[in-house]
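> Here is the input, now give the coordinates:
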Amino acid sequence: IVLYRHYTAYSLHNSQFTNKGIMRHRINVSISPAFYEELKRICKVYGFTNMCEICTGLLSLFIDRVKNAESNRGRKVESNEVLIKQMFAEFEKTAHKMMEDGEALTAARLKQWRNRCISDGYEPGSTFKVLTMAAALDCGAITLDTNFSCSGSEHIPGRSQLLHCWRAKGHGAQKTPQALQNSCNLAFAHIALKLGGENFYEYIQRFGVLEKTNIDLSGESKGVFFDKSLIVDTQKWGTASLTSASFGQTFKLTPLQLVRAISSVVNGGNLMEPYLVSQVLDSRGNIVYEAEPTRVRQTISPETSKTMCSLITSVVTEGTAKNAQVAGFSIGGKTGTSEKIDVLDENGQPTLDKIVSFVGIAPMDDPQYIVLVALDTPSRSTGIYISGGVMAAPTVGAVMADVFEAAGIPTLHCTDMFDRESYSDAYTLSS
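Below you'll find the model as predicted:
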């Protein structure tokens, strides 16, 4: 059945989830045709136009019922068909309540089924600096020896507002590597000016910021970026849009757009088309569909990519992302903190809520994994400094540690063991 095939395809790409989760129960307790018949009935009665709208919830409920029945050793396990009838009876009760208020039903659907990784845009903040620096290095606008100076604030030419760095006292004199390690806003504003609006916009296009990724999932959006004239025509519009965009502010893109773009920075400059389903098998184990990697375009040169890998690694070893380190492994990445300027309180005033994030790549000698963690509106009452380096970086580090173990990636011979806990207490950074 459609649902069965759809979910099998999803499960096949994730062996850990397959072995431990739903696939195990799918094999032990096969989904009978009654499931499909009930599904068709529910779709007709409650107006679902796509079976996949309810497949996740129904499967979850079905598996829970199966688990409960199997765990009750005092009585015989119910048949599949009985379980299915009970499951849909429970679903109907909930659906009837929701049907009483059509608007509530629509809102609940959108909230429950929206995939924020592909449909919701957010300001990437300083994680976007990876793309700005890659572009500037690739076209020769800067070199590794370009000098920058940060006093904490500066009047940038063509920008009416005083631009502040996140570090009030500034970073002082620094070269290109330190500008990325320190996540210095003033340095990146000057990098954008050296790069120029035309070049900046061209690389934005190369990195796929203005287009959908075409992943095999529905509901994808492409974020919201500046009109080209605001970036390019600085004589008319000034440099505010160009400089703000250089450090990931005042525009939005989806998490997947950012992950795909940064992946191209570290993989030799190849922008790839992402996909979820790698292979679909029929009931006999024959391959009926197999995805092939699709290269969209070249974003930067392989030489620039190699340079960026070194710089990104240094952000973790020497810069704002030390909390992401995992002893014995090489991790690179970039922190980010952005304000949700379009979120207002009941009085119409900005809430000053933030999204803190970190995008991590590993292992840096041969990048294979990329993880983006974006924490939406962390509470200011926890006493923990709100920043990507303090909150999101250690989260990615923990995820990577599990990935390394599961993938059997060998450790490096390291003598510099890092104490994440002591760093988190003593080193509070905003980006």
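> Asp345 and Ile312, how far apart?
37 Å (CB to CB, to the nearest Å). Just so you know, the C-beta spots here come from the backbone N, C-alpha and C atoms, and that holds for glycine as well.
> These two - which one has more neighbours?
Ile312 (28 against 10; other CB atoms under 10 Å).
> does the more buried one belong to a helix or a strand, and which?
helix 302-318 (DSSP states H and E).
> ok, residues contacting that helix?
With contacts defined as CB atoms under 8 Å, 6 or more residues apart in numbering, helix 302-318 is touched by 130, 133-134, 137-138, 144, 176-177, 180-181, 183, 264-269, 300, 321-322, 324-325, 330-335, 360-361, 364, 367.
> Following that helix in sequence, what is the next regular element?
Following helix 302-318 in sequence, per DSSP H and E, is strand 332-339.
> That following strand: partners in the sheet, and parallel or antiparallel?
Using DSSP bridges, the strands paired with strand 332-339 are strand 354-362 (antiparallel).
> can you state the direction angle for the strand it pairs with and helix 302-318?
For strand 354-362 against helix 302-318, the angle by axes from the mean of the first three to the mean of the last three CA atoms, to 10 degrees is 120 degrees.
> what's the following helix or strand after strand 354-362?
Per DSSP H and E, the helix or strand that comes after strand 354-362 is strand 369-376.
> Kindly export that following strand (C-alpha atoms) in CSV.
Only the C-alpha atoms of strand 369-376 are listed here, as CSV (Å, rounded to 0.1, in the frame of the first residue of the first chain):
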residue,chain,number,x,y,z
TYR,A,369,28.9,14.8,8.4
ILE,A,370,27.3,18.2,9.0
VAL,A,371,25.0,19.0,11.9
LEU,A,372,23.2,22.3,12.4
VAL,A,373,21.6,23.0,15.8
ALA,A,374,19.5,26.1,16.1
LEU,A,375,17.9,26.8,19.5
ASP,A,376,14.8,29.0,19.1
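> And that strand, how far out from the chain middle?
Here the centre of strand 369-376 is set off from its chain's centre by 5 Å, with CA atoms, centre = their mean, to the nearest Å.
> And that strand, what does it pack against?
In terms of contacts (3 or more CB pairs under 8 Å, 6 or more residues apart in numbering; DSSP states H and E), strand 369-376 is packed against helix 255-266, strand 354-362, helix 393-407.
> Can you point out the buried residues in it?
The neighbour-count criterion (16 or more other CB atoms under 10 Å) identifies Ile370, Val371, Leu372, Val373, Ala374, Leu375 as the buried residues of strand 369-376.
> Which member of those is positioned nearest Arg260?
Ile370 (9.1 Å; CB to CB).
> In space, what's closest to that closest one - neighbours in sequence excluded?
If the residues on either side of it in the chain are set aside, Ile370 comes closest to Ile361, at 5.0 Å by CB to CB, 6 or more residues apart in numbering.
> hey, what's the one you found bridged with?
Beta-bridge partners of Ile361, as defined by DSSP bridges: Gly332, Ile370.
> Around Ser379, how many other residues sit close by?
As a burial measure, Ser379 scores 9 neighbours (other CB under 10 Å).
> Wasn't it part of a helix?
No. Applying DSSP: H, G, I helix; E, B strand; the rest coil, one finds Ser379 to be coil, outside a helix.
> low-scoring pLDDT stretches of the stretch 1-150 of the chain, where are they?
Scanning the stretch 1-150 of the chain for pLDDT under 70 picks out the ranges 1-105, 109.
> thinking again about what came up before, and the helix holding Ile312, what's its mean pLDDT?
On average, the pLDDT along helix 302-318 is 96.
> Over to stretch 379-386?
The average of the pLDDT scores along stretch 379-386 is 81.
> Would you mark the buried spots in that stretch?
The neighbour-count check on stretch 379-386 (16+ other CB under 10 Å) flags Tyr385, Ile386 as buried.
> now that stretch, how far from the chain's geometric center?
22 Å.
> separation between the closest residue to Lys194 other than its chain neighbours and Val259?
Once flanking residues are discounted, Lys194 sits nearest to Ala141: 4.5 Å by CB to CB, 6+ apart. Per CB to CB, Ala141 is found 25 Å from Val259.
> Same check on Ala291?
18 Å.
> Which of these two has more residues huddled nearby?
Neighbour count, other CB under 10 Å: between Ala291 and Val259, Val259 has more, with 18 against 15.
> Could you check the pLDDT of the closest residue to that one other than its chain neighbours?
With sequence-adjacent residues excluded and distances taken as CB to CB, 6+ apart, Val259 is closest to Leu372, at 5.2 Å. Note for Leu372: predicted pLDDT of 91.
> again with Arg159
Arg159 is assigned a predicted lDDT (pLDDT) of 93.
> Next: Ala392.
For Ala392, the predicted pLDDT is 87.
> tally of neighbours for it?
Ala392, neighbours per other CB under 10 Å, totals 30.
> ditto for Asp145
For Asp145, the neighbour count with other CB under 10 Å is 8.
> Leu276 now?
Neighbours of Leu276 under the rule other CB under 10 Å: 12.
> Any buried residues in the helix or strand harbouring Ser149, and which?
Secondary-structure assignment from DSSP H and E places Ser149 in strand 147-150. For strand 147-150, burial by neighbour count (16+ other CB under 10 Å) applies to Phe148, Cys150.
> quick one: contacts of that strand?
Counting by CB under 8 Å, 6+ apart, 165, 167, 170-176, 179, 182, 184, 186-187, 190-191 sit against strand 147-150.
> next one: stretch 179-187
In contact with stretch 179-187 (CB under 8 Å, 6+ apart) are residues 126, 129-130, 133, 148-151, 153-154, 156, 163-167, 170-171, 174, 178, 188, 191, 247, 311-312, 314-315, 318-320, 334-335, 429, 431.
> on that earlier part again, buried ones from the contacts of helix 302-318, can you make that a ChimeraX selection?
Command for ChimeraX that selects the buried part of those, burial taken from 16+ other CB under 10 Å:
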select :130,133,134,137,138,176,177,180,181,183,264,265,266,267,268,269,300,321,322,324,325,330,331,332,333,334,335,360,361,364,367
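> you'd agree the residue nearest to Val259 is up against Arg260?
No. With contact defined as CB atoms under 8 Å, Leu372 does not count as touching Arg260 (10.5 Å).
> If you tally nearby residues, what's the number for Ser283?
8.
> Oh, that last question was meant for Gln112, not what I typed.
When neighbours are counted by other CB under 10 Å, Gln112 registers 11.
> Can you tell me the element it falls in?
Using DSSP H and E, the element containing Gln112 is helix 102-113.
> What's the first helix or strand after that helix?
helix 116-119.
> Just the CA trace of that next one, in PDB.
The C-alpha trace of helix 116-119 is given here as PDB (Å, rounded to 0.1, in the frame of the first residue of the first chain):
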ATOM      1  CA  ARG A 116      10.700  23.700  10.000                       C
ATOM      2  CA  CYS A 117      14.000  22.600   8.400                       C
ATOM      3  CA  ILE A 118      12.700  23.200   4.900                       C
ATOM      4  CA  SER A 119       9.700  25.500   5.300                       C
END
